[in-house]
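**Q** Below is the sequence, then the predicted model.
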Amino acid sequence: MDPVIKKIVEQFPEFEGVEPEIREEEVSHPSSLFAKAGMLPVPPRKIKTYTFRKKITLPDGTEHEKILRATVDDEGEIKKITVSK
Amino acid sequence: MWVPERVERRFGKEGKERLLKEMERVGWGIIEPDGIKKRAKPGDTVVLVGGDELFPFKKVENPTHDPDPYVYTDNLYASLDDDYLIPELALSRLPDGGSLDLLITLLRSIGKNEVGAESLGVTAAVWKEAALEVYKEVGKEEMVVSPPSEEKDLPSLKKEILYFNVHGSDTSPYWYGEGNGKYPVILSPRSIPDFSGVVASEACYGAYILDKKCDESIALTFLKKGAVSFLGSTTIAYGPYYPPSTEADLLVKLYFQELKNGKTCGEALLEAKRKFFKKTVEEQGYLDKDDEKTLLQFVLYGNPLGRLKWTLS
């Protein structure tokens, strides 16, 4: 099993059995944007995101999708886990 | 800033004239969207007059892979260049909810409006620790945690600063808690009393107002009931279970910090977005797609000149 998926499922068992979508992406922004933030630009980075999606029904019958996203660096370390509100 | 032909289409010629008179009474320059880059300079405060039908949100392709096809944003109106993740203008929107009267009420409320320190924070149980990290910027009291709390257990919302870290939906008018597999309704439009403070919500779709009437939207109801301003997300928002604050939590935390620094609501959101970018890159090493979505999706409604009476100084 993918070690990232294993860790996520251990920590958040409600996502057990959910097949995440895994995307590799390069994040980069123009140097002018860094200048607006008053900082030096950082080089582009390659990251992976794991997106777990699960449908739930709210008490008034509203269908809601719960989404957990994990950002993983190029060494396979989970850098951030967030969930939809 | 307004789009007169859209106003006339919706409220007729008489409605347009009435609105223009009210805008003139505020005493600010009145411009149409193409005039913004000629007239505005960094740091200026701008108000968009109307909801999506009167003054359409900009639709940016969703950088995050989730059910939202677009992110509805006002960042492009608040930016004088193409780097719209970090805007230069302090901007708020006056939604109409289909009512010219609401729009005029909101226009009349523009001006110096100071709010006190009494606060209330409401969080889903699963995010309690993360929410406390945000709420401690403005609140000393215990937060309402849902579950066990449900809407009927809410204390009075007649406070001056309200913070919500809860679930929301684009198809229902309710906000929800979460804990132990339960999602109780924690707030509905009908529970909102007359209110004259600032509201910040991290709920998904908390600021989603497309095709909504007042009683179908908590954001619009807060404004109708007298809220100075409402900060929220137009689309699905994200945040952590635990500190440190990232994404929606970080944006709202920085917004509260800037309000405490004496900034107006409009200036506070502007500065919060700049600091969000800087802090995220410094601590994470980069700005990812979720972070980009956060910067785009948070919008301010109501009086951009509202501020706290109390500041850090």
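**A** Cool, the structure landed.
**Q** which ones are touching the closest residue to residue B:310 other than its chain neighbours?
**A** Excluding the flanking residues, the one nearest residue B:310 by CB to CB, 6 or more residues apart in numbering or on different chains is residue B:117, at 5.2 Å. All C-beta atoms are positioned from the backbone trio N, CA, C, and that covers glycine. Residues in contact with residue B:117 (CB atoms under 8 Å, 6 or more residues apart in numbering or on different chains) are B:138, B:160, B:161, B:308, B:309, B:310.
**Q** again, but for residue B:42
**A** B:80, B:88, B:89.
**Q** okay, who's weakest in those residues by pLDDT?
**A** Among these, residue B:80 carries the lowest pLDDT, at 93.
**Q** Leaving out the residues flanking it, which one is nearest to that one?
**A** Distance criterion CB to CB, 6+ apart; nearest residue to residue B:80, sequence neighbours excluded, is residue B:88 at 5.0 Å.
**Q** Show me the strands in the stretch 101-250 of chain B, by range?
**A** Under the criterion DSSP state E, counting those that start in this stretch, the stretch 101-250 of chain B contains strands at B:113-115, B:119-124, B:144-146, B:161-165, B:175-176, B:185-187, B:198-201, B:229-233, B:238-239.
**Q** Revised request: answer the last question for chain A.
**A** Taking DSSP state E as the test, the strands found in chain A are A:21-27, A:45-57, A:63-72, A:78-84.
**Q** now the first one against strand A:45-57, angle please.
**A** It stands for strand A:21-27. Comparing the axes of strand A:21-27 and strand A:45-57 via axes from the mean of the first three to the mean of the last three CA atoms, to 10 degrees yields an angle of 140 degrees.
**Q** do you know how far residue B:152 is from chain A?
**A** Computed as CB to the nearest CB, to the nearest Å, the residue B:152 to chain A distance reads 13 Å.
**Q** now swap in residue B:214 and tell me
**A** For residue B:214 relative to chain A (CB to the nearest CB), the value is 19 Å.
**Q** Residue B:112 now?
**A** Residue B:112 is 28 Å from chain A, by CB to the nearest CB.
**Q** re earlier: test my guess that the residue nearest to residue B:80 contacts residue B:75.
**A** No: Residue B:88 is beyond contact range of residue B:75, at 10.3 Å (criterion: CB atoms under 8 Å).
**Q** More neighbours: which of the two?
**A** When residue B:88 and residue B:75 are compared for neighbours, residue B:75 comes out ahead with 23 against 19, by other CB atoms under 10 Å in any protein chain shown.
**Q** In contact with the residue nearest to residue B:125 when sequence neighbours are not counted, which residues?
**A** Counting by CB to CB, 6+ apart, residue B:125 lies nearest to residue B:179, which is 3.0 Å off, once chain neighbours are set aside. Neighbouring residues of residue B:179 by CB under 8 Å, 6+ apart: B:124, B:125, B:126, B:145, B:146, B:147, B:148.
**Q** so who does the first one touch?
**A** For residue B:124, the contact set (CB under 8 Å, 6+ apart) comprises B:131, B:145, B:146, B:165, B:166, B:167, B:176, B:177, B:178, B:179, B:186.
**Q** rewinding a little: with residue A:41 as the reference, name the closest of the strands of the stretch 101-250 of chain B.
**A** strand B:238-239 (25.0 Å; CB to CB).
**Q** circling back: with distance to residue A:72 and neighbour count added, can I get the contacts of residue B:117 in a markdown table?
**A** Rendered in a markdown table, the data for those read as follows (distance: CB to CB, whole Å; neighbours: other CB atoms under 10 Å in any protein chain shown):
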| residue | distance to residue A:72 | neighbour count |
| --- | --- | --- |
| B:138 | 34 | 26 |
| B:160 | 42 | 20 |
| B:161 | 36 | 23 |
| B:308 | 39 | 24 |
| B:309 | 45 | 9 |
| B:310 | 42 | 15 |
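**Q** Could you dump those into CSV and include distance to residue B:36 and pLDDT?
**A** Below are these laid out as CSV (distance: CB to CB, whole Å; pLDDT from 0 to 100):
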residue, distance to residue B:36, pLDDT
B:138, 32, 95
B:160, 32, 93
B:161, 31, 96
B:308, 28, 93
B:309, 31, 89
B:310, 33, 77
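**Q** For the residues you listed, work out which two are farthest apart.
**A** Across the contacts of residue B:117 (CB to CB), the longest gap, 12.5 Å, separates B:138 and B:309.
**Q** State which helix of the chain is the longest.
**A** Just going to use chain A. Longest helix of chain A, by residue count under DSSP state H: helix A:3-11.
**Q** Oops, wrong one, chain B.
**A** Secondary structure of chain B per DSSP H: the longest helix is helix B:4-26.
**Q** Show me which positions of that helix end up buried.
**A** Using 16 or more other CB atoms under 10 Å in any protein chain shown as the test for burial, helix B:4-26 gives B:6, B:7, B:10, B:11, B:15, B:16, B:18, B:19, B:22, B:23.
**Q** Please enumerate the helices of the stretch 101-250 of chain B.
**A** B:128-135, B:218-224, B:247-260 (DSSP state H, counting those that start in this stretch).
**Q** would a markdown table of those with distance to chain A, mean neighbour count and mean pLDDT be doable?
**A** Formatted as a markdown table, the helices of the stretch 101-250 of chain B follow (distance: least, CB to the nearest CB, whole Å; neighbours: other CB atoms under 10 Å in any protein chain shown; pLDDT from 0 to 100):
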| stretch | distance to chain A | mean neighbour count | mean pLDDT |
| --- | --- | --- | --- |
| helix B:128-135 | 10 | 22 | 98 |
| helix B:218-224 | 13 | 26 | 97 |
| helix B:247-260 | 5 | 25 | 97 |
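**Q** Contacts only, for the residue nearest to residue B:203 when sequence neighbours are not counted.
**A** Leaving aside its sequence neighbours, residue B:203 sits nearest to residue B:168 (CB to CB, 6+ apart; 3.1 Å). Going by CB under 8 Å, 6+ apart, residue B:168 touches A:85, B:174, B:175, B:176, B:201, B:203, B:204, B:205, B:206, B:208, B:218.
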